[in-house]
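**Q** turn this into a structure:
(chains A, B, C and D)
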Amino acid sequence: MAEEKYNLQPDSFEPLAQDQDQELDSEKIAAPSLTFSQDAWRRLKKNKGALISLFIVLIMAIVSFGSTPFINHSELVKSNPEYANLPAKIPGVNINGLNGKMKVSGVWTDVYKENGIKDNVHFMLGTDYLGHSLAQRIIYGTKISLTVAIVATLFDLLIGVTYGIVSGWKGGRTDNVMQRIIEIISSIPNLIIVVLMLIIFKPGMTSIILALAISEWTTMARMIRAETLSLKTEEYVLAARTLGESTTKIAWKHLVPNVSSIIIIQTMYTIPTAIFFEAFLSFIGIGISAPQTSLGVLLNDGQKNFQFLPYQMWYPAIVLVILMIAFNLLGDGLRDAFDPRTRR
Amino acid sequence: MKKYLLKRVLYMALTLFLVATITFFLMKLMPGTPYSNQEKMTPQQIKIMNQQYGLDKPIWLQYVIYIFGMLHGDLGTSFQFSNQPVSYLISSRIGASAQLGVQAMIFGVVLGIIVGSVAAIYRNTWVDTTATVLSIIGKSVPNFVLAVLLQYYISLKLGWFPIADWGGFSYTVLPTIALGVGPLAETARFIRTGMVDVLNSDYIELARAKGLNKFGIIYHHALRNSLIPLVTLIGPYTVALMTGSMVIENIFSIPGIGEQYVKSIQTNDYPTIMGVTMLFCFGLVLIILFTDIIYGIIDPRIRLTGNED
Amino acid sequence: MGERILDVNNLEINFHTYAGDVKAIRNVSFHLDKGETLAIVGESGSGKSVTTKSLMGLLANNAEVVGGSIIFHGEDILKKSEKQMQGIRGKDIAMIFQDPMTSLDPTMKIGRQIAEPLMKHKNVEKKKALAQALEILKLVGIDNAEKRINEYPHQFSGGQRQRIVIAIALVCYPEILIADEPTTALDVTIQAQILDLMKELQRKIETSIIFITHDLGVVAGMANRVAVMYAGQIVEYGSVDEIFYNPQHPYTWGLLNSMPTLSSTDLQAIPGTPPDLLDPPKGDPFAARNPYAMKIDSEEKPPFFKVSETHYASTWLLHPDAPKITPPEEIVRRQEIFKKMQASAN
Amino acid sequence: MKLKKFATAGAVMAVSALTLAACGSKSSSNDSKQVLNWDETAELPSMDLSKATDVVSFDQLNNTMEGLYRLGKDSKVEPGLAKKTHVSDDGLTYTFDLRKSNWSNGDKLTAKDFVYSWQRTVDPKTGSQYAYLFDGVKNANDIMDGKKKTSELGIKADGDYKLTVTLDKKIPYFKLLMGFPVFFPQNEKVVKDAGSKYGTASKYMVYNGPFKLTKWTGSNLSWTATKNNKYWDKKNVKLDAINFKVNKSNSTSYNLYKTDKLDGTPLSSEQAKQLKNDKEFLTRSAASTFYFQYNQTQKRFQNKKIRQALSMAINRKQLTNKVLGDGSTVSKGLVSKGLAKNDGKDFADQAYVKEGVEYNKAEAKKLWQEGLKEVGETKMDINLLSDDTDKAKDSTEFVQSQIESTLGDSVNVHVQNVPFKTRLTRSEQGDFDLVISAWGADFADPISFLDLFTSDNSQNDGEWKNADYDKLIQASKTTDAGNTDKRWDDLVQAEKILVQEQGIAPLYQQSTAWMVKSKVKGIIYNSSGASYNFKNTYIKE
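**A** Below you'll find the predicted structure:
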């Protein structure tokens, strides 16, 4: 190799000072150490889509549940048929479609004027067939949809997680029998379980929640079981067992925290499924009953009049789709955050 | 293999038997008789009718008769359609549903594979983002909303396809799309994730090291490996299609099973509800068995237990 | 040795990451002669695999070759298109991967996997390719090859799978075989078998081997020459004897020190961790871990100092002005052996 | 008939289109094929006239079969197979001279076909749910009860073309009944050959009416009625074919209508509201009334003031105009308007009791509070039972809203929308507080409605009991049966009592809104019984 010009100083070949040496030698770890959930949160924060989704879900939840004192039973049953089927009219906005005008047989017509409605009456998203404010209905419907989905999912969790942990933990014969039971249950289309239950019970929120919970828990149970099986052989669990901790305590202290990521992710995917299912049930006519409403009911009402009152379907559809997308993205984000391997 | 099959078929039979039993007794709990005008009929008429429908017998005997009848393919007589055996109602309508289901499945899966693969191959580019967003939207729009939109915009406004009714391929296009978009979105997401994993695997690296071109790698190695797990989704898809058919057939006036099921729910036609329930269950159980076998055949790593050859 | 078939000059490779450019390979040069085995040794992350992947044109998407050339048969591989590279990969330059458990396509019969390069490069039809695959399968020592050629990877043990991977690499009789830690994932007993197999095959099909390992112990029996890599750079290279018995670079000392030998009982690890290549130190990258570090080490990158015709090392310790230091005990012992060897050779 | 599907139950008559029909139709037919594309909202479940129970079946039977008479415009009796009718002085024996005619398979249609058909229907083994209409025909009830043989039914064939019917008691509306499909003839040979398959598909059927069915497989969603060339009056049948299509979604059928795939489609409430100014829009008012039944086995509903308050709380006008919007009108009473007239006076007008059906918020509140005190309650939870159709859901939602907002916090209404048959079963079992029931007349006589609320009638689900009412109904059937005016008065008085006492609370008379292409002329439409008659329908571009 060619000797190049180097800036050699007389003291260049002095040994490095010990402290300097020490400093160079020390391992530099840039990031502070994080717990598992902190780490997941950090990763989630990097995923913009998921973060926005989380934000949207929170906003929707806050708005819809926060509306409870304002949109109560007596508000819901109030009908104003004289205000029926008005399009959106937002004060100060003069865009066709949002200013009280609607296309009636191809011509933009001021529906408010036509129906002789006073100028100071505004409905942000228009009204439905009984003159309810559609905005109010959508907010309330979102609340009901979310309630149905969340409560159903919680039941789902309760059954699924318990079943999965018991099955995986006990193993052997118990596991075998429990797995066969799951196999049989999941061979019955869940729709059929739901429909049969709704035929028998009075239609309404409780029945839908129960029906959903009963038909949806098997996936959760399966995943939890698989995870429990692998956790069971982990050293810290073995250690806890040898130390003579009770099974319930082990399950609570070691298993549940470790399956929590699966639970959270699965929850994020179950909620939209439940919302969807509720919408579907409303379509075939066994959904939520009046005066309550849900996104599904609104959509179903809306689609019947799509030719004439397209906004009655579009608005709830947009809300539903945004909610679904948010939950899906959030679910994806959480999955990636909890399990960085899947992130590409 | 034989032993495995036998075991599976036994479980299948057990499942169906349980479902039949549960459904039967649930239906017996329900109010209502086959006669909508019962109040106007004389006791004698009702007695004779009950005899004809076998409703005069004790419930356990009715149950036994039902189960045995079912073994012979006899699902009883519809309450809603006088003198029509449920099996006939089902057989006369299953064709349309099956065709629609198969078409939607093919449409969804094939297109889903293409979209998913493209997204995986061009991952983290705009192609991938677009595909991902589209498939999430596809998953998020209820199929009945989609059906209404398609019917209104594609058929009524553009006149490209018939609005409703059944007969000829053109009638199936929109219902197929409406039904197939769910599976499409699901497949695309599934394939993308799977393919990304596969593309990052060592054996793809080895394939590249062999000097294979991109097409050869995707076709011979990546696709095959990411497709195999897709088989497990066929079961859930079947369920989704069954569910979907109920609303889609309704909107497009298609004489199918799903439409029949909704109708029988609305008219308390219990024999038909039971019949279709059993059919759905049977279909699903069969599909699950079928996919398990297929899975064993196409994935060399899985060998069905008891395989001697 | 024979003619020179590969010449790597001043190779520089960066990885673009969200945090910035990782300078994975910095100014790496080496060459390969026909029939010889060159071992590249270094810790994980030192850039061995990246170097070899650049030879194959298999760098990841976010990698960029910023400088240098790889001359193969008088042409610069780096300038070749993907299409041209496909013609070279597997045919002229083949590669054996680290983990035989995951390198084989689980859903394809192994016969087909072996035959694939033949069909691709030699336009051999499937039947004939499979026949040749069978031959090579026998060659790598798979028993009952006729039957097993139709089996799937999961039906083979780890050692057998690595034999199959080797078969795939050799089926086109490549000029260069790159073996990327081919024995790391295997049991020690199997390791020896595989190494023997490689030596034997090298003799049979006259291929050159670039042998990548972090395990100096493996190198002794395999390689003709050794290059030691550290932090994306080659810090010392020379013949096997020179590296083993007359090492000059403190890092090589460290490596040798941490290797079990018959005579030494206590193994010494090299303290510290390699530097962050996002922002490599200005001077000698090893300085931070070097007990013999001098002031200049933190300021200037050392040039290669020639030890012999074939032996170079990049450390300021070899500078004439550098103070004389005493290497670790083990190294002194080795250097004494080296002196004896040289004496007897003369 | 119990109203199964709000949309399809009959109606009085098409306002615009059909006036031309009966008269000058000859000039109309042009060269193009006369094909009508018509929407049905439900499958055709049976073509066995002994077993049919629903409007779709009756409509199809009415157009493919024919009895002694045919019901024309305004339920006027038009000639059918009876060429001449002779009624005995006591009104208990009818002798019909039949015209020569054939079945669609070429068989001769004789008086025996009537005998066979009637006997088959009343035979308890057949399980006819409409056999009760034979009540009054000699021995019919005993035969249905299994006490007498079918051959003892009061119908005899005298040769091929003479038919004698004997009655147990006078039936003032007997001729109207003969226009209802249950009384049509059946071809014994065909019935026996087909066995249990009779009436389950077009291939197992023969017809003697203006049209014959093809392409009906028993469960499909489209079928065709083609002109029957063996029909005796075929020269007056203009249409070559009617294509029926079942569409369960109103928006689908409207889309089809817009693209000319359908010539007529029923509309949902919302569609009707939007299209009410369209020139092809029309409403068809049915002889069917929707009303509250109070469960009067419960003490609280035995209180008249409670019942009145609930009834007065409902703004029926808003319900019909703004909520239903399909042309339905506020009921004047139980018997629908336009069903029956005497001396040019409509029954509904004569029996009108204003306070029984009016909306009076203040009075409702007052009565409610008084009623609450009387029954000793402070707050009521009321389950409102109804069907699960769209219109029923809209109505119940509105009714709930009206009751709660008018009567205030002291009432809570819970809506229960259930399938039709479930609603019937629960009504029958008394498993309800308040139910919205509907009844459509089987034939154009007030008794078809008023019969329901006698104390022992099984349709009287609320179990309202009133001795005077029972007496008046009884008188109309017995002592006053022969005296048209007296009978009329009895019935008017009965209804007044019913509404005054709020045995039930009539809500509205149902209408169906339709879009029918203006080129379609001459559809005959009746508010009761089998409503559609396409015999004289034609297309004029």
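**Q** could you measure from whichever residue of the stretch 1-150 of chain A sits closest to chain D over to chain B?
**A** Nearest residue of the stretch 1-150 of chain A to chain D: A:P81, at 3.2 Å (Cβ to the nearest Cβ). C-beta here means a position set from N, CA and C on the backbone, and glycine is covered the same way. Relative to chain B, A:P81 is positioned 25 Å away (criterion: Cβ to the nearest Cβ, to the nearest Å).
**Q** could you pull up the contacting residues of the closest residue to that residue other than its chain neighbours?
**A** Residue nearest to A:P81 in three dimensions, not counting chain neighbours: D:K322, with 3.2 Å by Cβ to Cβ, 6 or more residues apart in numbering or on different chains. By Cβ atoms under 8 Å, 6 or more residues apart in numbering or on different chains, the residues touching D:K322 are A:81-82, A:84, A:131.
**Q** quick revisit: for chain C, see how far away the residue of the stretch 1-150 of chain A closest to chain D is.
**A** For A:P81 relative to chain C (Cβ to the nearest Cβ), the value is 59 Å.
**Q** that residue contacts D:L324, doesn't it?
**A** No. Checked against Cβ atoms under 8 Å, the pair A:P81 and D:L324 is beyond contact range at 10.0 Å.
**Q** these two - which one has more neighbours?
**A** Taking neighbours as other Cβ atoms under 10 Å in any protein chain shown, A:P81 and D:L324 compare with D:L324 leading, 24 against 21.
**Q** per-residue confidence at that one?
**A** D:L324 is assigned a pLDDT of 87 by the prediction.
**Q** what's the closest non-adjacent residue to it?
**A** In space, D:L324 comes closest to D:S269 once its chain neighbours are excluded; the distance is 5.3 Å by Cβ to Cβ, 6+ apart.
**Q** count of residues packed around the one you found?
**A** D:S269 has 24 neighbours, counted by other Cβ under 10 Å.
**Q** tell me the secondary structure at D:L36.
**A** strand (DSSP: H, G, I helix; E, B strand; the rest coil).
**Q** that one and D:D263 touch, don't they?
**A** Yes. Counting by Cβ under 8 Å, D:L36 touches D:D263, with 5.5 Å between them.
**Q** do stretch B:238-246 and chain D meet at all?
**A** No. On the criterion Cβ under 8 Å from any Cβ of the partner chain, stretch B:238-246 is out of touch with chain D, staying 11.0 Å away.
**Q** what about that stretch, average pLDDT?
**A** For stretch B:238-246, mean pLDDT rounds to 84.
**Q** what strand or helix carries A:L125?
**A** Assigned by DSSP states H and E, A:L125 belongs to no helix or strand.
**Q** now the stretch 151-300 of chain C against chain B: closest residue?
**A** For the stretch 151-300 of chain C, Cβ to the nearest Cβ, closest residue to chain B: C:Y152, 3.9 Å.
**Q** residues contacting that residue?
**A** Shown in contact with C:Y152 (Cβ under 8 Å, 6+ apart): B:300-301, C:106-110.
**Q** any idea how many residues pack against D:W514?
**A** Counted with other Cβ under 10 Å, the neighbours of D:W514 add up to 26.
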